[in-house]
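pasting the sequence and the predicted coordinates here, then a few questions.
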Amino acid sequence: MIRVDVKPEILRWARKRAGLNQQDLARRFRRLEDWETGDVQPTLKQLEAFARAVHVPTGHLFLSSPPDEPVPIPDFRTVAGRRVTRPSPDLLDTMYLCQERQSWYREYARMEGQPEFGFVDSATLATPAATVAAEMRETLDFQVAERQECPTWSDALRLFTQRADQIGVLVMVNGVVGSNNHRRLDPSEFRGFALADPLAPLVFINGADTKAAQMFTLAHELAHIWLGSSALSNIGARPAPDTRREEVWCNAVAAEFLVPLAALRAELSEDEQLPHAVSRLARSYKVSTLVVLLRLLDAEWIDRQTFEMHWRSESERLKTLNRSSGGGCNFYRTTLARVSRRFARALVESTREGHTLYRDAFRMVGVSKVETFNNLGREAGVVD
C-alpha cells in the first residue's frame, strides 16, 4: 500500500476551512487524527476522498503551506461590526461558478453585438438614494402598485426577478452550491453579491434566506449594479455601526425602492396599533417586518425608543422562522432560477449551434444529459 507525503498542517487547514472538526469526519476517515499529527500518512485514494469531503482541490493538499484564498471581489461582510476574514468553500465555489458564467455570457453578448447597458455605473454615492430608487423602478417597470397586487412574497420575488432579467441582469437565486443539494448556503455568511459589468451584470441571491429577505437583497445588489461596483454582502435591512458608506447607500436605495417614503406616509394612520401596521405594510409591500420598522422610523411615525424595542423583539421572532427550502419544485424551473433564464437561453442556443461544448454547458448549469439539457431549453423557450 503506497502512502503519500502530505503535511499535517495542510490537512488541518483543509478541515477547518470546511468548518468541520475531527468528529465530523471520524466515521469516514478513522485515522484522521493520526494523519493530522503526522503519525500516519494517507493513501492517495484516501487523500482524494478527503479532498472531496472538505471541498478542496486535491492538488492543494500537496502544497507546503495553505494557499491564500481571498474573496475575488470587494468583501463588505461584517459580524458585530467586524470584517469577516475567512470565506467558506461553499461561498468561494459559488462565486467562482458565477464568475465563469458571467465570463461566458460576456463573450456571448460581445459576439452577438449586444450593446452595453446604460444603467450599469449610472449612479454615484453622491446621487440621492430616492433618485436612484425611482430610476430603478422606471427601468425595471416594477412599480409599487403592481407588487402590492402579488398574492405572496414568492410571487413578488418571481416578478421582481423576471423584470431584472428582462432589462439584462443575470439574476441567480440559489440556496445550495451549484446543483449540490448537500451543500446548503448559509445566509448568515452572505446574503448575496453583485458582479458589475456593462455587458453581463450579474446578481446572486442566497436562496436559503427568507423570501422577504431575498426581496431586499435583490434591491440592494441592483443598487450596486447601478453604482457599477462588484461587492459581496451579508448586510440586512439595518446596517451595523461602521458599515461602509457604499453599503449604507445601497441599503438606502433598496429601502426607498421597495417602500417609497411618500407612498408609505399616505398609508399611515395615527390611531393604528404598531403591530397591526407593521404586519399590514409588510404584506402590502412584500418586504420583511424589519424593513417596515425602519421605514416607519424614517417617516417619523415611531420614535427611536419604540423602534429599538420592537426591532429587538421582531429580530428574535424572525430567527425562529424556517428558511425557504426550495423542495418539491419543478426541476427545470428551479434550475432556471439558479442560473438565470437569460443565461440559460443564451447557453442552450450557443451549444445547439455548436459554439459551446456540451461538456462546458453541462458544467455551468449542473446537468449531465443531453435530454435534460434540451428539456431545460424547452422550459426556457428556446427549444421546440
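Here it is on my side, so go on.

CA only for contacts and neighbour counts going forward, please
Fine.

where do the strands of the stretch 51-200 of the chain begin and end?
For the stretch 51-200 of the chain, the strands defined by DSSP state E, counting those that start in this stretch cover 78-79, 82-83, 170-174, 176-177, 180-184, 192-195.

show the average pLDDT along the last one.
Over the span of strand 192-195, the pLDDT mean works out to 97.

which residues touch that strand?
With contact meaning C-alpha atoms under 8 Å, 6 or more residues apart in numbering, strand 192-195 is reached by 99, 201-206, 217-218, 221-222, 224-225, 229-234.

likewise for the fifth one?
In this structure, residues lying in contact with strand 180-184 by C-alpha under 8 Å, 6+ apart are 90, 175-177, 208.

only whichever of these are buried, select them in PyMOL.
Here is the PyMOL selection string for the buried members of these, based on 16 or more other C-alpha atoms under 10 Å:
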select buried, resi 90+175+176+177+208
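
which one of the contacts of strand 180-184 is nearest to E48?
Of all the contacts of strand 180-184, E48 sits closest to D90, with 18.4 Å by C-alpha to C-alpha.

if we can go back for a sec, as CSV, the contacts of strand 180-184 with pLDDT would be great.
Output for the contacts of strand 180-184, formatted as CSV (pLDDT from 0 to 100):
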residue, pLDDT
D90, 94
G175, 95
V176, 96
V177, 95
A208, 93
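
looking just at contacts, which helices and strands does the longest helix anywhere in the chain meet?
In the chain, taking DSSP state H as the definition, the longest helix is helix 89-111. Counting contacts by 3 or more C-alpha pairs under 8 Å, 6 or more residues apart in numbering; DSSP states H and E, helix 89-111 packs against strand 176-177, helix 341-352, helix 358-365.

take these and write them to a markdown table, including distance to L268.
Below are the helices and strands packed on helix 89-111 laid out as a markdown table (distance: least, C-alpha to C-alpha, whole Å):
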| stretch | distance to L268 |
| --- | --- |
| strand 176-177 | 40 |
| helix 341-352 | 38 |
| helix 358-365 | 46 |
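
looking at the ones you listed, which is closest to L293?
strand 176-177 (30.3 Å).

re earlier: let's see the PyMOL selection covering just the buried ones among the contacts of strand 192-195.
PyMOL command restricting the contacts of strand 192-195 to the buried ones, with burial defined by 16+ other C-alpha under 10 Å:
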select buried, resi 201+202+203+204+205+206+217+218+221+222+224+225+229+230+231+232+233+234
